[in-house]
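Participant: Have a look; sequence and predicted model below, questions after that.
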Amino acid sequence: MSGTTPDRDHSGPIPVGATTSGPDASAPIPVGATHGTGTPPTEALHGAGGPAITPPASTATAGSTASATSTASATDVLRAAEDGTAFDADHPPSADLVSDCVHCGFCLTTCPTYVLWGEEMDSPRGRIHLIGQGLSGEPLSDSMVGHFDNCLGCMACVTACPSGVRYDRLIEDTRAQVERRHRRGARDRALRAAIFALFPYPRRLRLLRGPLRAYRMIGLKRLVERTGLLQRLAPTLATLDSLAPPLRSVPRPPARVRARGERRAVVGMLTGCVQSAFFPDVNAATVRILAAEGCEVLIPPSQGCCGALSVHNGRRAEAQRFARRLIDTFERTGMDYFVVNAAGCGSSLKEYGDLLADDPAWAAKAAAFTAKVRDLSELLVELGPVARRHPLPMSVAYHDACHLGHAQGVRAQPRALLRGIPDLEVRPIAEAEICCGSAGVWNVLNPEPATELGDRKAHAVLATSAELLVTANPGCLMQVAAGVRRQGGTIALAHTAHVLDASIRNLGPDALLS
Ligand code: SF4
Ligand code: SF4
């Protein structure tokens, strides 16, 4: 969010490959590098000629060093709940997980906010340290919340950590505490209220398609882009404007689609919110592939949001409501698998067991549901191909969506599927582990740094000289497309499902490049 982002000049070009100018990643957090209430992170940690970890005097005696925080106990947590400090006793972040961090710094250079700003407290290690301070009784200050809000939730640090620190659990529990216990500024509250009244509701999102079409047809979009006025007056709206994809009209899929040939599995399918409103062609391609691979596909039109956006932003009660409704919609369909083609949704669906673990009426159902969840690429590799792949003589760059690669560990399967297509060349993208800056609604809440990350990713993608960028998340597609446009580059974009569908239907490269 612009209000909490470290205040510095980000306007210069970002060379791809320049990972960080920050402090020695292997150095431990110095004693006294604490988070003082209300102390801007730039003052605390940034020095001339590159960031130097030099805490201001006001924070040096805050009394919570990394080693001290790692000993925070359950008693500390309960005490915090009583005296109004950072966390209460309702699912506080785990002190044991905090203590797993040995401060080695291997995660730093994969963290997008650390790469951008070189701030210790905007690194995974720094955030874990802040969580430890909260567990030791420090209050939840605006500054501390700013560092948590700055986290994209990309989970690159989880992949990088040699000690197996569950940062994903820590930040999820922390965000839930922040949402319940911290009062944000009026502007932030209004923006978040608008986002969560819109994005998790596919019908409301679909209603935007008409006005968006009109906005483009009458030339208003071109005018707004040329003047740069929107960017200056309302960067959040400008970000939304730049992200909106081309709108294709595709009929909604029927509630049930039969398998072609022998039936091998019955598969429930999530149509998603952004996916169904702005990328209905991805859903249509997914249904065709599944049917061609012998799956009967169940797509109840009454399904709603999976709750991914809510849970990733600390709105746990809302996420639980969405989860119960989705389980209810699908649990009596007799499906063998539940397939997802949006990485962010898949990662939260695989956590339903944890999300509803405390609810006796739903815990077992949620665990059973989670066991059936598969990313599209996982399911197709698991089943093995039966549909013939036709050649696609072209080059593609495959981008790992963070919530597929880092959060779900699904990297090999999409590549295996692409490599199974004759004549298709798959090219790697530099800095593959760094997030593109989409991260759910992070790019809407934090337009400036998200633009920097998007430009950085677009630069790396264009450097592959591939004809097509392939990824498995609608947010990444919109984010990278906007970055490529800003750089004046051109590359076609497609979901993995588009590519497989084009190969199975023998459509040739033009179907993907036009
Ligand atoms: S989840 Fe991503 S942004 Fe957050 S601390 Fe980890 S690497 Fe950094
Ligand atoms: S989170 Fe892992 S990689 Fe990062 S500093 Fe802690 S132990 Fe090291």
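Facilitator: Structure received. Ligands and ions are numbered 1, 2, ... in the order given.
Participant: hang on, residue 494 is in a helix, isn't it?
Facilitator: No - residue state for residue 494 (DSSP: H, G, I helix; E, B strand; the rest coil) corresponds to strand; a helix is not indicated.
Participant: And it, how far from ligand 1?
Facilitator: Noted for residue 494: a distance of 26 Å to ligand 1, by CB to the nearest ligand atom, to the nearest Å. From N, CA and C alone the C-beta is placed, and that goes for glycine too.
Participant: Just list whatever residues bridge to that residue.
Facilitator: Going by DSSP bridges, residue 494 is paired in beta bridges with residue 470.
Participant: contacting residues around it?
Facilitator: Contacts for residue 494 (CB atoms under 8 Å, 6 or more residues apart in numbering) come out as 396, 468-470, 512.
Participant: can you count the residues close to residue 385?
Facilitator: For residue 385, the count of nearby residues is 15 (other CB atoms under 10 Å).
Participant: does it sit in a helix, a strand or a coil?
Facilitator: Per three-state DSSP, the local secondary structure of residue 385 is coil.
Participant: cool, residue 173 as well?
Facilitator: Per three-state DSSP, the secondary structure class of residue 173 is helix.
Participant: and stretch 151-158, does that touch ligand 1?
Facilitator: Yes - between stretch 151-158 and ligand 1, judged by CB under 6 Å from any ligand atom, the touching residues are 151-157.
Participant: By neighbours, which of these wins?
Facilitator: Per-residue neighbour counts (other CB under 10 Å) across the residues of stretch 151-158 next to ligand 1 peak at residue 154, which has 28 neighbours.
Participant: My read is that that residue contacts residue 439, right?
Facilitator: Yes - taking CB atoms under 8 Å as the contact criterion, residue 154 and residue 439 are neighbours in contact, 5.9 Å apart.
Participant: Now for these two: what residues contact both?
Facilitator: Counting by CB under 8 Å, 6+ apart, the contacts common to residue 154 and residue 439 are residue 402.
Participant: Outline the domain layout of this protein.
Facilitator: Structural domains assigned to the chain are 41-181, 186-243, 256-382, 389-513, following automatic domain parsing.
Participant: Any chance of these in JSON lines with mean pLDDT as columns?
Facilitator: Formatted as JSON lines, the entries for the domains of the chain read as follows, by pLDDT from 0 to 100:
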{"stretch": "domain 41-181", "mean pLDDT": "77"}
{"stretch": "domain 186-243", "mean pLDDT": "70"}
{"stretch": "domain 256-382", "mean pLDDT": "95"}
{"stretch": "domain 389-513", "mean pLDDT": "95"}
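Participant: what's the closest of the ones you listed to ligand 2?
Facilitator: Using CB to the nearest ligand atom as the measure, domain 41-181 is the one of the domains of the chain that comes nearest ligand 2, at 3.2 Å.
Participant: Next up, the contacts around the residue nearest to residue 348 when sequence neighbours are not counted.
Facilitator: Closest residue in space to residue 348, ignoring its immediate chain neighbours: residue 308 at 3.8 Å, by CB to CB, 6 or more residues apart in numbering. Each residue near residue 308 by CB under 8 Å, 6+ apart is listed here: 319, 344-345, 347-349, 440.
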